[in-house]
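**Q** I would like to see how this sequence folds:
(one chain, ligands or ions: 1)
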Amino acid sequence: MGEMREQARDYLEGERRDVARYNVDGIIRDAWINGNGSEETWKAAVEKNRYPFLVGDRVRVVVEIDGFQEHLYGILHSFRTASNGIYRRRILNPHSAYVELVDGPSGALRPLSEITPELDDFEITTEHSEVHRDGPRHNYGIFHCVSGIHAGYPPPAHALVTHKRSGIKRRFCNDCNDADQRARLGHEMWRDRQLSRDTILSLTEHPEVITASVGDDEADKIRAWADVVPYLVPEKAAELYTEWKESQSATVAA
Ligand SMILES: [Zn+2]
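**A** From the prediction side, this is the model:
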């Protein structure tokens, strides 16, 4: 078995896979002992014997706070059985996991199907022309890292990170484009919602307010707010606002 294990590990590394994320003995059993050893069999065995999550993984869960479904980030702490017990050994398909949240409520127990790798929530581009598109003229068109952790003059940004759910974008240097900074970025939507709770609730109840005529104090304020945090605008109000903007530009054109 020892030699087979070594060979299997070599193969996995050759395929640029992280060996720690695989049940190597399971792969050997399925591909070489019970299987015919063909490339197809190997592929299927590798697929089947991958641990979807490991303790220490950075993940995202959905937590209901004040009636809103917030996406919160944390660290996978332990796997749990259906009765919330701890597994004695590592298994491929644990029932659920306890996630220690990095901010807000302390933790969340969720079935594995409701846990998402944090990286899935972000779009990351490192293309220089994309990262520095419309960059500040006073700085030769180069944006700085905005993590806020650099003492003195921050280094140039290397990555443009977009939180897919909200569309919020931030530019980070390579060092700062990590799970902690991305969690902070991901939590902005939740933070913004906490600050805008009353506006959101009243717009949910009276979405038509957003279409009141220009010069209407309340409507003007709400539209200015909606332009800053479009991801917080309740669905019906967002629809009405889009229509309203179209009719406004049509009026101007006519
Ligand atoms: Zn940085």
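**Q** contacts, neighbours, all on C-alpha from now
**A** OK.
**Q** Report the buried residues of whatever helix or strand residue 246 lives in.
**A** Under the assignment given by DSSP states H and E, the secondary-structure element containing residue 246 is helix 235-253. By neighbour count, with 16 or more other CA atoms under 10 Å as the criterion, the buried positions of helix 235-253 are 237, 238, 240, 241, 244.
**Q** Going C-terminal from the helix or strand hosting residue 182, what's the next secondary structure element?
**A** Taking DSSP H and E as the definition, one finds residue 182 inside helix 179-195. Toward the C-terminus, helix 179-195 is succeeded by helix 197-205 as the next helix or strand (DSSP H and E).
**Q** Give me every residue in the stretch 1-150 of the chain lying close to the ion.
**A** Proximity of the stretch 1-150 of the chain to the ion (CA under 5 Å from the ion) is limited to residues residue 145.
**Q** so where's the stretch 1-150 of the chain uncertain?
**A** Within the stretch 1-150 of the chain, no stretch has pLDDT under 70.
**Q** quick one, what contacts the residue sitting nearest the centre point of the chain?
**A** With distances taken as CA atoms, centre = their mean, the chain has residue 121 as the residue nearest its mean C-alpha position (2.3 Å). Under the criterion of CA atoms under 8 Å, 6 or more residues apart in numbering, the neighbours of residue 121 are 163, 164, 165.
**Q** ok, now with 6 Å
**A** Applying CA atoms under 6 Å, 6 or more residues apart in numbering, we find residue 121 in contact with residue 164.
**Q** of the buried residues of helix 235-253, the lowest pLDDT goes to which?
**A** Among these, residue 244 has the lowest pLDDT, at 94.
**Q** how far away is that one from residue 84?
**A** Here residue 244 is placed at a distance of 51 Å from residue 84 (CA to CA, to the nearest Å).
**Q** Neighbours of the closest residue to the ion within the stretch 1-150 of the chain, how many?
**A** Closest approach between the stretch 1-150 of the chain and the ion, counting by CA to the ion: residue 145, at 4.7 Å. Look at residue 145: counted by other CA atoms under 10 Å, it has 24 neighbours.
**Q** pretty sure it is in contact with residue 158, am I right?
**A** No: with contact defined as CA atoms under 6 Å, residue 145 does not count as touching residue 158 (7.7 Å).
**Q** what residues do the two have in common as contacts?
**A** A shared contact of residue 145 and residue 158, defined by CA under 6 Å, 6+ apart, is any residue touching both; here these are residue 173.
**Q** right, and residue 163 touches residue 120 too?
**A** No: applying CA under 6 Å as the test, residue 163 and residue 120 come out as separate, 9.5 Å apart.
**Q** tell me, what's touching the two both at once?
**A** Overlap of the contact sets of residue 163 and residue 120 (by CA under 6 Å, 6+ apart) is empty.
**Q** Neighbour count: those two, which is higher?
**A** Neighbour count, other CA under 10 Å: between residue 163 and residue 120, residue 163 has more, with 22 against 11.
**Q** tell me the contacts of the more buried one?
**A** residue 122 are the contacts of residue 163 under CA under 6 Å, 6+ apart.
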